[in-house]
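Q: Dropping the sequence and predicted coords here.
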Amino acid sequence: TYVDGPKGQCLYRGYPVAELCAKCDFMEVAHLLLNGELPGKQEKKEFIDRIESEYLVHERFRDFFKVFRMNAHPMAIMV
């Protein structure tokens, strides 16, 4: 990470953060954060497939979270 306030520069791994926000989607930035580089098309597809394979939540967790109000603070739920 590189920040130069007077010049208005904020870089992460050599990429301008403003450009990452404007041109990359969530999964591309997540790949960058975890792997240190933006993914190519095939890498992105494999990364998304891997993340989606972990989406499943056990039924008991679903039931646990149903008890809380929709506007409950996340930290209060997890304590």
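A: Now that the structure is in, tell me what you want to look at.
Q: Any idea how many residues pack against residue 31?
A: 22 (other Cβ atoms under 10 Å). Backbone N, C-alpha and C define where each C-beta goes, glycine included.
Q: Let me see the contact set for it.
A: If a contact means Cβ atoms under 8 Å, 6 or more residues apart in numbering, then residue 31 has 37-39, 43-44, 47 as its contacts.
Q: let's see 6 Å
A: Shown here is residue 31, whose contacts under the criterion Cβ atoms under 6 Å, 6 or more residues apart in numbering are 39, 47.
Q: how about the CA coordinates for the host helix or strand of it, as CSV?
A: Residue 31 is part of helix 26-35, with elements assigned from DSSP states H and E. Once non-C-alpha atoms are left out, helix 26-35 reads as follows in CSV (Å, rounded to 0.1, in the frame of the first residue of the first chain):
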residue,chain,number,x,y,z
PHE,A,26,-16.1,-7.4,-5.7
MET,A,27,-14.7,-10.8,-6.6
GLU,A,28,-11.8,-9.3,-8.5
VAL,A,29,-10.8,-7.1,-5.6
ALA,A,30,-11.3,-10.1,-3.2
HIS,A,31,-8.9,-12.1,-5.4
LEU,A,32,-6.4,-9.2,-5.3
LEU,A,33,-6.6,-9.0,-1.5
LEU,A,34,-6.2,-12.7,-1.0
ASN,A,35,-3.7,-13.5,-3.8
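Q: What residues of that helix count as buried?
A: Of all the residues in helix 26-35, those buried under the rule 16 or more other Cβ atoms under 10 Å are 28-29, 31-32.
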